[in-house]
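Peer 1: please work out how this folds:
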Amino acid sequence: MKDIYFNKHSGIYTLTAKQWLPAGRDKLWDFIAHPRNLSKITPPHMKFIITSELDSEVMYTGQIISYHVYPIKGFKTNWVTEIKHVKEGAYFVDEQLFGPYKLWHHKHFLEDREGGTQMTDIVSYKLPFGRPGSIAQTLFVKNQLIQIFTFRKHKLEELFGQDS
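Peer 2: Okay, the predicted model is just below:
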């Protein structure tokens, strides 16, 4: 997908995914600021389920969210993230506290563009297990992330595209 880019520096991979949608920034923010909506833009085969009590329907700095996800068929993992920064209507940052990655730092940006909004995701991640982790990146992690963000792109187009 031409809107998804990868690079690597010092053992940390960075995925950048960009998407323009013909919807206002406020409308998109109202959707992405609600943690429960993440399951709507995650591929169904990953069986994404929030397991923590959400003490607020809208995310906030310091919020801890735990969930189960199946990154690989038949392999369930617990994942815990913290919302580290929120600038309402513009961006938020989440970080993995516990989960399948050694490091997961995900920045989500919304910017006004002519006739719509530019969404940009920047994910910096490091895999565990050293060289075997690098091999896993090559064999399936990179492709899996492309599939997840491609699914997300299509789902967001369905929800916020021309016909929404």
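
Peer 1: show me what the strand ranked longest in the chain is packed up against.
Peer 2: Longest among the strand segments of the chain by residue count, using DSSP state E, is strand 75-87. For strand 75-87, the contact count by 3 or more Cβ pairs under 8 Å, 6 or more residues apart in numbering; DSSP states H and E identifies strand 64-72, strand 91-98 as packing neighbours. Heads up, the C-betas are built off the backbone N, CA and C, glycines and all.

Peer 1: partners of the first one in the sheet?
Peer 2: Spelled out, that is strand 64-72. Listed by DSSP bridges, the sheet partners of strand 64-72 and their directions read strand 49-50 (antiparallel), strand 75-87 (antiparallel).

Peer 1: ok, and what's touching the shortest one?
Peer 2: Residues external to strand 49-50 that are found in contact with it (Cβ atoms under 8 Å, 6 or more residues apart in numbering): 35, 36, 38, 39, 65, 66, 67, 68, 69.

Peer 1: list the contacts for the fifth one?
Peer 2: For residue 65, the residues meeting the contact criterion (Cβ under 8 Å, 6+ apart) are 35, 50, 52, 54, 80, 81, 82, 83, 94.

Peer 1: 10 Å - rerun?
Peer 2: For residue 65, the contact set (Cβ atoms under 10 Å, 6 or more residues apart in numbering) comprises 35-36, 38, 50-54, 59, 79-83, 94, 97.

Peer 1: quick one: buried ones out of these?
Peer 2: Among the contacts of residue 65, those classed as buried by neighbour count (16 or more other Cβ atoms under 10 Å) are 35, 38, 59, 79, 81, 83, 94.

Peer 1: looking at it, the last one is touching residue 122, isn't it?
Peer 2: No - here residue 94 lies out of contact with residue 122, judged by Cβ atoms under 10 Å, at a distance of 11.7 Å.
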